[in-house]
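[1] mind folding the following:
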Amino acid sequence: MDNPSVPRAAVERFIQDLPKVELHVHLEGSMRPPVFLRLAEKHGVPGLPRSPEEVAAYYEFRDFAHFIEIYIASVRVLRDEEDFALLTADVAERLAAQNVRYAELHISLYNHLVRGIPASVVFAGVEHGRREAERAHGIGLRWIPDFPGDYGVEAGERTLDAVLADGPPSVVGFGVGGMEVDRTPFRGVYDRARAAGLHSLPHAGETGGPQSVWTAVELLGAERIGHGIDSVKDPRLVDLLCERRIPLDVSPTSNVCTRAVADIVEHPLPRMLKTGLTVTLNSDDPPMFGTDLVNEYRTAHALGLDLADLALLAGNGVAASYLDAAAKRELTAEIESVLAAALDPR
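    As a prediction, this is how the structure comes out:
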C-alpha cells in the first residue's frame, strides 16, 4: 500500500482493463436520470423532478435518513414489467462498459410490494432485462431481494414469502437495508431464508456501529456484510471477521454522500485492508452518488492504494461472489494477468 508513483494514464488504463464484479449495487438506486425522467413522464408521477438539473438537486442528501426518503420516493416511477426490464437493461449496459463481468444486485422488493406491484411483475421484468444483457454484453446478473429494516419483521416476512413464491433461480440471497435499526428481530425470517437456500446478505455497520455487524453475523448468519465500515472500531470484531473470512462490501463515495463518513480522506478503507479484513469495492447507488465502479477504483487509488491493492479488491469480489468455481478461476487468472502486465517495466 505504498502507492509508488505510477503515471495517471497507466493507472486509468489498469482500472479500465481490470475485470470486475460488483456485489453491492441497488437496481433501483442505479436508475440514471434519463431513465428516471422517462418513467416519471410515462406514468405521470407527481412531486418528482422534471429535468436533469432538478434530478441533480434532488440527489443532494442532507444525511442518511434523507437519502432513504428520496430513494423510496424515486422507486415510484417503476410500475410495470416493461419498466423493470428497461431499468435492468440500462444498468447492465453501464456495468458492462466498465468491464464488470458479473454483478449481484439488490432489489428493493418490499418497496414495490407495498405499492401493490406483485413480485411476479418485478421478477418477470428484471429477468427479461437480465437475459437480454447476458446476450448483448456477456455480463452475468444475479438478484438479492431485500426489505427496509425500519419497516419491521412483517416487511421481512412478506418479502421472503414473495421471493419463495415467485423468485427465479437467479435469486442468490436475501437482504435487509433501510435505516440501520436493531437486526435482532429478524433472526426468524433469516433462519427461514437460509433454510430455503438463500444466502444471508444484510446491510450492517454503515451507521449503526460495530454492534449491528455482531448481530448480523451471530444472529442472521451473515455470509457477507453490506458496508460494515464501523467494524474497524472494534478489534474483537475485526478478529472475528478475519478468522471467518466474512467479506465486507464497501462503497466509499456512498458513505460520504450519506454522511456516514464526514470526508473521503477519512474513509476507513485503507485501514480495513491493513487489518486483514476481506473487502470488496462497490458503488451502491451510483447515479444518486455521482459515481460508478470505475470511479470507486479511482477513489481507492487516491486514498493510497496501489495497483496490487486494487487487484486485491477485484479478486476479493470474485472470491466473495456466488459465481461457480470455474468462472472464479478464470476471472482470478485474468486479474492476475492484468496486474502482471501493468507492473511489467518493459
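[2] let's verify the nearest residue to Leu109 once chain neighbours are set aside: helix, strand, or coil?
    Ranked by CB to CB, 6 or more residues apart in numbering and with sequence neighbours excluded, the top spatial neighbour of Leu109 is Pro145, at 4.1 Å. (Each C-beta comes from the backbone N, C-alpha and C, glycine too.) Following DSSP: H, G, I helix; E, B strand; the rest coil, we place Pro145 in the strand state.
[3] Gly138 - how many residues pack around it?
    The tally of other residues near Gly138 (other CB atoms under 10 Å) stands at 10.
[4] show me what contacts it?
    Gly138 makes contacts with 96, 101, as judged by CB atoms under 8 Å, 6 or more residues apart in numbering.
[5] any idea how far it is from Leu237?
    Distance, Gly138 to Leu237, by CB to CB, to the nearest Å: 38 Å.
[6] next: Ala155.
    Where Leu237 is concerned, Ala155 sits at a distance of 27 Å (CB to CB).
[7] same check on Pro33?
    The gap separating Pro33 from Leu237 is 38 Å, by CB to CB.
[8] tell me where the stretch 201-346 of the chain has strands.
    Counting by DSSP state E, counting those that start in this stretch, the stretch 201-346 of the chain has strands at residues 203-204, 225-227, 248-250, 279-281.
[9] more crowded one of Ala155 and Leu237?
    When Ala155 and Leu237 are compared for neighbours, Ala155 comes out ahead with 23 against 20, by other CB under 10 Å.
[10] can you show me the strands along the stretch 51-200 of the chain?
    100-107, 140-148, 173-177, 199-200.
[11] right, so of the ones you listed, which gets closest to Val163?
    Nearest to Val163 among the strands of the stretch 51-200 of the chain is strand 140-148; the distance by CB to CB comes to 5.0 Å.
[12] got the buried residues for that closest one?
    140-148 (16 or more other CB atoms under 10 Å).
[13] using CSV, lay out those residues together with pLDDT and distance to Ile335.
    What follows is these, written out as CSV (pLDDT from 0 to 100; distance: CB to CB, whole Å):
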residue, pLDDT, distance to Ile335
Gly140, 98, 16
Leu141, 98, 20
Arg142, 98, 20
Trp143, 98, 24
Ile144, 98, 23
Pro145, 98, 29
Asp146, 98, 28
Phe147, 98, 34
Pro148, 96, 35
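[14] ok, which stretches of the stretch 101-250 of the chain are helices?
    Counting by DSSP state H, counting those that start in this stretch, the segments of the stretch 101-250 of the chain that form helices are 109-113, 119-137, 153-166, 187-195, 210-218, 235-244.
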